[in-house]
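# below are the sequence and a predicted model; questions follow.
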Amino acid sequence: MLTLALLTVAVGTAVKLAQDRIPKTLFRALVLVGVVGPLVATLYAMWLLRHDEVGWRELVLFVGLVLATGLGVTLGFHRLLTHQSFKCNPVVRAIFLALGSMANQGRCIDWAAHHLKHHAHSDRQGDPHSPLEGLFHAHLGWILTGTPAERERYCKHLLRDPLVVFFDKTMGAWVALGLVLPYAVAGWSGVLWGGLVRIAFSNHVSFSVNSICHTFGRRTYETGDESRNNWLIAVLALGEGWHNNHHAFPSMAYHGMTWRQFDPTGLTIRLLVRLGVAWDVKRPQPANVERKRRAASAGARA
């Protein structure tokens, strides 16, 4: 377990910080180790469950850090940083960027650049992770190809933001902190559940938004691509599974557009607004919502 934990930090740091300076074959091998390591740890954790060798501390760590780092990605990296769906004070911004960095999904500016490129070419030539090239490619294969993020093209404004650049450069330290904290609470079993298993679970849930939500689900709005709403992924990914909603209105803060569409990330943003630490929340115009809904209905009947 110690070896897997150290590999997670070392591989994550090396891959994200030195992608342009290492051979592509080595890069792919490092990514593969970084992906397989947490999965191996998950299999080991499942084996331990057969012997009841997990306690409440480990489960609390797993659930708590899944939620915390998950919100770091969905609220911090995605809705706040990438789409600028709302504004908040620097302290709140720093907290969610730190949590997103702990998730081990890469440098925050790279994350934003890949995602903005996805929106610019969704399900067309140039999309980094379209299922049109296969479900595996959309889920994980695109990461293994090692395509560099186009930071200057899509995120020039973020490269001028000192706070964002700080978290971008210190990503490895935050990944390490995401392993040190559960160790401090529950030792190596904490690292297993609150670190490695948490990383495997959260990352594959995030990957599923790219793969499952462009393949299975309902298309409520016309978007010009194959984005779909999938309630199961929405629950697991803290509201990100309302993916057709998101592609129809990329800059909106609340992806769940009805009371039935469970969106924990949106609820967290609403809480931040009530607390007075978030503002300028973006919402789509009702006329645009109705227009895209009618276009999708007309396409379904055609």
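Perfect, thanks for sending it.
# what's the separation between residue 237 and residue 66?
11 Å (C-beta to C-beta, to the nearest Å). (Each C-beta comes from the backbone N, C-alpha and C, glycine too.)
# who has more neighbours out of the two?
Under the neighbour definition other C-beta atoms under 10 Å, residue 237 and residue 66 were set side by side, and residue 237 has more, 26 against 20.
# could you find the closest non-adjacent residue to the more buried one?
Closest residue to residue 237 in three dimensions, ignoring its sequence neighbours and counting by C-beta to C-beta, 6 or more residues apart in numbering: residue 205, at 5.0 Å.
# you'd agree that neighbour is in a helix?
Yes. Assessed with DSSP: H, G, I helix; E, B strand; the rest coil, residue 205 lies in a helix.
# wait, it sits on residue 235?
No. Checked against C-beta atoms under 8 Å, the pair residue 205 and residue 235 is beyond contact range at 9.7 Å.
# which of these two has more neighbours?
A side-by-side neighbour count of residue 205 and residue 235, using other C-beta under 10 Å, places residue 205 first with 20 against 14.
# nearest spatial neighbour of residue 141, skipping sequence neighbours?
residue 134 (6.9 Å).
# cool, residue 210 as well?
Excluding the flanking residues, the one nearest residue 210 by C-beta to C-beta, 6+ apart is residue 129, at 4.5 Å.
# reduced to three states, what does that neighbour come out as?
coil.
# dump the residue contacts of residue 216.
Contacts for residue 216 were tallied using C-beta atoms under 8 Å, 6 or more residues apart in numbering; they are 228, 230.
# report pLDDT for it.
Confidence per residue is given as pLDDT, and for residue 216 that number is 96.
# using the three-state scheme, assign it.
When classified by three-state DSSP, residue 216 comes out as coil.
# ok so, going back, from residue 275, how far off is the residue nearest to residue 237?
If you measure residue 205 against residue 275 using C-beta to C-beta, the figure is 27 Å.
# what do you get for residue 185?
According to C-beta to C-beta, residue 185 and residue 275 sit 27 Å apart.
# just for the stretch 151-300 of the chain, where's the confidence low?
Counting by pLDDT under 70, the stretch 151-300 of the chain contains low-confidence residues at 299-300.
# now the helices for it?
Defined through DSSP state H, counting those that start in this stretch, the helices belonging to the stretch 151-300 of the chain, from first to last, are 151-154, 162-169, 171-190, 198-211, 231-236, 243-248, 264-274, 286-301.
# helix/strand/coil for the spatially closest residue to residue 130 that is not a sequence neighbour?
Counting by C-beta to C-beta, 6+ apart, the nearest residue to residue 130 once its immediate chain neighbours are dropped is residue 123, at 4.8 Å. When states are read from three-state DSSP, the local structure at residue 123 comes out as coil.
# pull the number of nearby residues for residue 123.
Other residues near residue 123 number 19, with proximity taken as other C-beta under 10 Å.
# what's the answer for the one 5 residues further on, then?
Residues within reach of residue 128, counting by other C-beta under 10 Å, total 20.
# and for residue 144?
Applying the criterion other C-beta under 10 Å, we find 15 residues in the vicinity of residue 144.
# what separation do you get for the residue nearest to residue 141 and residue 155?
Summarising the geometry, the distance separating residue 134 from residue 155, computed by C-beta to C-beta, is 27 Å.
# these two: which is more packed in?
Regarding residue 134 and residue 155, a neighbour count based on other C-beta under 10 Å identifies residue 155 as having more, with 26 against 12.
# measure that one to residue 125 for me?
Separation of residue 155 from residue 125 (C-beta to C-beta): 21 Å.
# now the residue lying closest to residue 79 once chain neighbours are set aside, what's its secondary structure?
The shortest distance from residue 79 to any non-neighbouring residue, by C-beta to C-beta, 6+ apart, is to residue 85 (4.3 Å). Taking three-state DSSP as the rule, one finds residue 85 in the coil state.
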